[in-house]
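> I would like the atomic coordinates for the input below:
(chains A and B)
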Amino acid sequence: MERRIVHLNIAHFYASVEEICDPGLKNEPFVVAKGGRSRTVVIDVSRPAYEEGARRGMSLEFVQRRLKGIRIIAPREELYRRAENRVYKLASRFSPAVESLPGGHLFLDISGMGRLFGRPVDLAARIRREINDGAGILPVAGLAANKLVSKVATRVVRPDGFVAVSPGDERNFLRHQTVSLLPGIGKKLSERMELFGITEMGELADLTDPEVSALFGKAGPRLRDAARGIDLNPVAPHPSGLVRLRTQRVLDTDTIDQTVLRLHLYLLAEDLGARLRSDNLSARRVELSVVYTDSERVELRVTFREPIHLDRDLFAAAEGLLDRALARRVRVRSLGLSVSSLMLEYGPLDIFAPPESAKQESLQRTIDKIRGRFGREAVRMGFTLIRQPEEA
Amino acid sequence: MIEQAEKIMAEIRIGTSGYDYLDWKDSFYPSGIDRTEFLSHYSRNFTTVELNFSYYRMPSARQLAGIKERAGSLLDFSIKAHESLTHKIDHASWKDSARAFRAALAPLLEADRLSAVLLQFPFSFHYQPENRRYLDRLLAEMQGLPLVAEFRGADWLNNRVFDALRERGVGYCSVDAPQLKGLPPSLDVVTSSLAYIRFHGRNEKNWWGSDAAARFDYLYKEDELKGWIARIKSMAQSTRKVRIYFNNHSRGQAPANAILLKRLLSEEGVPGLF
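As a prediction, the model looks like this:
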């Protein structure tokens, strides 16, 4: 069966949601950012602000200096999450395989839906329209044989547009596209490619294995295959029903000792990490709850653009939250850690993962393998050996 | 979430690519009608037409003035550029052709009845430096006209071309054609204040290796045109004019489909001068 994958990309997603809530913002330049903090970065920009040069990830201070008097809207994560869910539900009417990624990205596998909904090109247009009618947001839509090409297709025409790449024409379509439109090729890599005279995907696609390996190392052949439009990753839908994983430790003795608290926290992160990876899941949100001796409770959360699943990353997130949570000089009774915004592991990005990240991934896999065979105690992080906390 | 209906501000018109077809008699044209009456009959049913005789024969101002008169006061025109500008380019004389073509448009321009000049490039016009330079010079020579570019070669459909069209205020022609390897992807992108769509039919069997009559012998089904409603609405949200033409001209199928699309858009409540 011919694979047909739709990618829907809602440009300026958070800004678009704000415009829906306040139509007065329409056609106005504004940015979504947490104001009043130093080193704040811009989370999203409206289309007029984009046209004036503002970009996501710029420092708010820089944007304010360049665009005097630009309006700043505080982010409302709950609202964006609801909007994402709405779009997800609308898309789910047309396929059981819908993968939602942060920031207004959706993939749908519509292979074999012809009998129900007609030709893929018409179905893709219909899905786009239903989202426009049902959620008030018009996504850019790309239809192709795989996720990678459908994603590039939306990048070719965004912020508005629709593209249907015919089966078998993937490489042809990519040939003259700017190489930086390939997912994962950032500014630095793109500059490096330009240095080698590679500006179009076709120039990367034409390289042989030895050539591409010499220029870009181990990742080279896979980058080259991406430029040829090769991508076998399936659309990974949300695991139905599973929305959150949670674990908790009540301390044997209430304490304010940060070394001990970090140690417990690491074990919690390890526990969640193992559960996530055993189901091939990743999480975008990490939540920490701290209960003090006097029963007062503090809950904090952090949300990531890209989902995480390594013990190291989960612990780093939890540790950051703990630092913020411990504002009182009162002993802690229990720690709880949970992860949500779960999704099945998203494959294609790993081909662009920097070497350090690939190393960590490999290390984690090895640790999991050893523990799977010899038990959890067989391999441990050095600092957890300092003092063995009591299990609750 | 609060519902937000985007307002469609564009003026949408629907017509056919050409109107002077004898095989439309007994279907779109009444059987007893004289050929000289074709245009007035056409203009009672449609508000726009794409003139394509101008591709085969360099039009003259007198000829276009005559067509304008016969068409009544409501019909507006898109016109396909002469083959010497797109298919049979002679590097020594193309500028003369461009000037002659522009001069012929005067009656339509003066009456504000010209919607678009369609530059349709063949499959053999590849995305190569020489052709890119030519296109740049042609667009400069034709500057000031409401230009639209249609590429049959998929290699032109890249982000740099779209940016270049935007910079020059030139529209991109979206097409509906079979989803076959080698044909450009079905792609909508608005690059100027004019969105332009051509329906060529989906005759996959006869597309390659057949004459035009067989290639464009296709009648769209209602469901297939319904798939376009969303795309037309989306384009109409971000431009000022939308022109839609059916080129599946065999046996009166183009006007039949144009009428069907008019009905579908009206049923959807899409405003337009259909």
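
> contacts, neighbours, all on C-alpha from now
OK.

> with adjacent residues omitted, what lies nearest to A:Leu342?
Closest residue in space to A:Leu342, ignoring its immediate chain neighbours: A:Ala283 at 4.5 Å, by C-alpha to C-alpha, 6 or more residues apart in numbering or on different chains.

> swap that for A:Tyr80, please
Using C-alpha to C-alpha, 6+ apart, the nearest residue to A:Tyr80 is A:Tyr14, at 6.4 Å.

> what's across from the residue of the stretch 51-200 of chain B found nearest chain A in the sheet?
Closest approach of the stretch 51-200 of chain B to chain A (C-alpha to the nearest C-alpha) occurs at B:Leu187, with a separation of 4.2 Å. On the basis of DSSP bridges, B:Leu187 is bridged to A:Val163.

> burial check on it, number of neighbours?
23 (other C-alpha atoms under 10 Å in any protein chain shown).

> dump the residue contacts of it.
A:161-164, B:174-175 (C-alpha atoms under 8 Å, 6 or more residues apart in numbering or on different chains).

> repeat that for 10 Å
B:Leu187 makes contacts with A:141-143, A:153, A:157, A:161-165, B:157, B:172-176, B:231, as judged by C-alpha atoms under 10 Å, 6 or more residues apart in numbering or on different chains.

> among those, name the ones in helices.
A:153, A:157, B:231 (DSSP state H).

> would you put the C-alpha positions of the longest strand seen in chain B in CSV?
For chain B, the strand that runs over the most residues, judged by DSSP state E, is strand B:114-121. This file holds the C-alpha atoms of strand B:114-121, laid out as CSV (Å, rounded to 0.1, in the frame of the first residue of the first chain):
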residue,chain,number,x,y,z
LEU,B,114,-7.5,42.5,-17.8
SER,B,115,-7.1,40.3,-14.8
ALA,B,116,-4.0,38.4,-15.7
VAL,B,117,-1.3,37.6,-18.2
LEU,B,118,-0.5,33.9,-18.0
LEU,B,119,3.1,32.9,-18.7
GLN,B,120,2.9,29.1,-19.1
PHE,B,121,6.3,27.5,-19.4
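
> pull up the pairing partners for that strand, direction included.
When DSSP bridges is applied, strand B:114-121 pairs with strand B:76-80 (parallel), strand B:147-151 (parallel).

> need the ones in helices among the contacts of B:Leu187 in TSV with pLDDT, can you?
Below are the ones in helices among the contacts of B:Leu187 laid out as TSV (pLDDT from 0 to 100):
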residue	pLDDT
A:Ala153	96
A:Val157	92
B:Arg231	91
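
> would you say B:Asn16 is within a strand?
In this structure residue B:16 is Thr, not Asn. Yes. Under DSSP: H, G, I helix; E, B strand; the rest coil, B:Thr16 sits within a strand.

> now it: how far from B:Leu51?
As for B:Thr16, its distance to B:Leu51 is 9 Å (criterion: C-alpha to C-alpha, to the nearest Å).

> between the two, which has more neighbouring residues?
With neighbours defined as other C-alpha under 10 Å, B:Thr16 and B:Leu51 compare such that B:Thr16 has more, 26 against 21.

> centre of the chain to stretch B:80-93, how far?
The chain centroid and the centroid of stretch B:80-93 are separated by 18 Å, computed with C-alpha atoms, centre = their mean, to the nearest Å.

> any idea which helix or strand carries the residue sitting nearest the centre point of chain A?
The residue lying closest to the centre of chain A (C-alpha atoms, centre = their mean) is A:Glu306, at 2.5 Å. Secondary structure from DSSP states H and E places A:Glu306 in strand A:297-308.

> and for A:Ile131?
Secondary structure (DSSP H and E) places A:Ile131 in helix A:120-135.

> can you tell if that helix touches chain B?
Yes. Judged by C-alpha under 10 Å from any C-alpha of the partner chain, helix A:120-135 comes into contact with chain B at A:120-130, A:132-135.

> so which residue of the stretch 251-392 of chain A comes closest to chain B?
For the stretch 251-392 of chain A, C-alpha to the nearest C-alpha, closest residue to chain B: A:Ser341, 19.9 Å.

> ranking the ones in helices among the contacts of B:Leu187 by neighbours, who comes first?
Most surrounded of those: other C-alpha under 10 Å gives A:Ala153, at 33 neighbours.

> pretty sure that residue sits against A:Asp160.
No. Using C-alpha atoms under 10 Å, A:Ala153 is not in contact with A:Asp160; the gap is 11.4 Å.

> need the residues touching each of these two.
Taking C-alpha under 10 Å, 6+ apart as the contact rule, A:Ala153 and A:Asp160 both touch A:140-141.

> now do residue 79, the pLDDT please.
Looking at chain A here, since you left the chain open. pLDDT for A:Leu79: 87.

> that answer is for a different chain, and I need it for chain B
At B:Ile79, pLDDT is 98.

> which residues touch it?
Contacts of B:Ile79 (C-alpha under 10 Å, 6+ apart): B:17-18, B:49-55, B:59, B:105, B:114-119, B:147.

> let's see that with 6 Å instead.
Contact analysis of B:Ile79 by C-alpha atoms under 6 Å, 6 or more residues apart in numbering or on different chains lists B:50-51, B:117-118.

> interface residues of chain B facing chain A?
B:3-4, B:158-159, B:179, B:181, B:185-189, B:227, B:230 (C-alpha under 6 Å from any C-alpha of the partner chain).

> can you flag the buried ones in those?
B:4, B:158-159, B:179, B:185-189, B:227, B:230 (16 or more other C-alpha atoms under 10 Å in any protein chain shown).

> near chain B, which residues of the stretch 101-250 of chain A are found?
A:122, A:129, A:136, A:156, A:161-166, A:168-169, A:177.

> with these in mind, which one is nearest to B:Glu268?
For those, the closest approach to B:Glu268 (C-alpha to C-alpha) belongs to A:Arg129, at 12.2 Å.

> now the helices: where do they sit in chain B?
Counting by DSSP H, the helices of chain B are B:38-45, B:53-56, B:61-70, B:83-86, B:94-104, B:106-110, B:129-141, B:159-168, B:212-215, B:222-237, B:253-267.

> if we can go back for a sec, which among the residues of helix A:120-135 next to chain B end up buried?
Counted by 16+ other C-alpha under 10 Å, the residues of helix A:120-135 next to chain B give A:120-130, A:132-135 as buried.

> where does the prediction get shaky in the chain?
In the absence of a named chain, chain A is used. A:36-39, A:238-243, A:344-355, A:386-392 (pLDDT under 70).

> chain B is the one I meant
B:1-8, B:272-274.

> make it 50
Low-confidence segments of chain B (pLDDT under 50): B:1-5.

> just to revisit the earlier point, next, the angle helix B:222-237 makes with the helix holding A:Ile131.
50 degrees (axes from the mean of the first three to the mean of the last three C-alpha atoms, to 10 degrees).

> any chance you could list what contacts helix A:120-135?
So helix A:120-135 is contacted by A:138, B:227, B:230 (C-alpha under 6 Å, 6+ apart).

> closest to B:Arg243 out of those?
The closest of the contacts of helix A:120-135, once distances to B:Arg243 are taken by C-alpha to C-alpha, is B:Ala230, at 15.2 Å.

> just to revisit the earlier point, distance between the helix holding A:Ile131 and the chain's centre?
With C-alpha atoms, centre = their mean, you get 24 Å for helix A:120-135.

> now stretch A:183-193
The answer for stretch A:183-193 is 19 Å, by C-alpha atoms, centre = their mean.

> okay, A:Arg301 and A:Val286: tell me how far apart.
Where A:Val286 is concerned, A:Arg301 sits at a distance of 6 Å (C-alpha to C-alpha).

> how about exporting the helix holding A:Ile131 as PDB, limited to the C-alpha atoms?
C-alpha atoms of helix A:120-135 as PDB (Å, rounded to 0.1, in the frame of the first residue of the first chain):
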ATOM      1  CA  PRO A 120      -5.400  11.700  -0.600                       C
ATOM      2  CA  VAL A 121      -5.000  15.100  -2.100                       C
ATOM      3  CA  ASP A 122      -8.600  16.000  -1.500                       C
ATOM      4  CA  LEU A 123      -8.600  14.500   2.000                       C
ATOM      5  CA  ALA A 124      -5.500  16.500   2.900                       C
ATOM      6  CA  ALA A 125      -7.300  19.700   1.800                       C
ATOM      7  CA  ARG A 126     -10.400  18.700   3.700                       C
ATOM      8  CA  ILE A 127      -8.500  18.100   6.900                       C
ATOM      9  CA  ARG A 128      -6.900  21.500   6.600                       C
ATOM     10  CA  ARG A 129     -10.300  23.100   6.000                       C
ATOM     11  CA  GLU A 130     -11.900  21.300   9.000                       C
ATOM     12  CA  ILE A 131      -9.200  22.600  11.300                       C
ATOM     13  CA  ASN A 132      -9.700  26.100   9.900                       C
ATOM     14  CA  ASP A 133     -13.500  25.800  10.400                       C
ATOM     15  CA  GLY A 134     -13.300  24.000  13.800                       C
ATOM     16  CA  ALA A 135     -10.300  25.800  15.500                       C
END
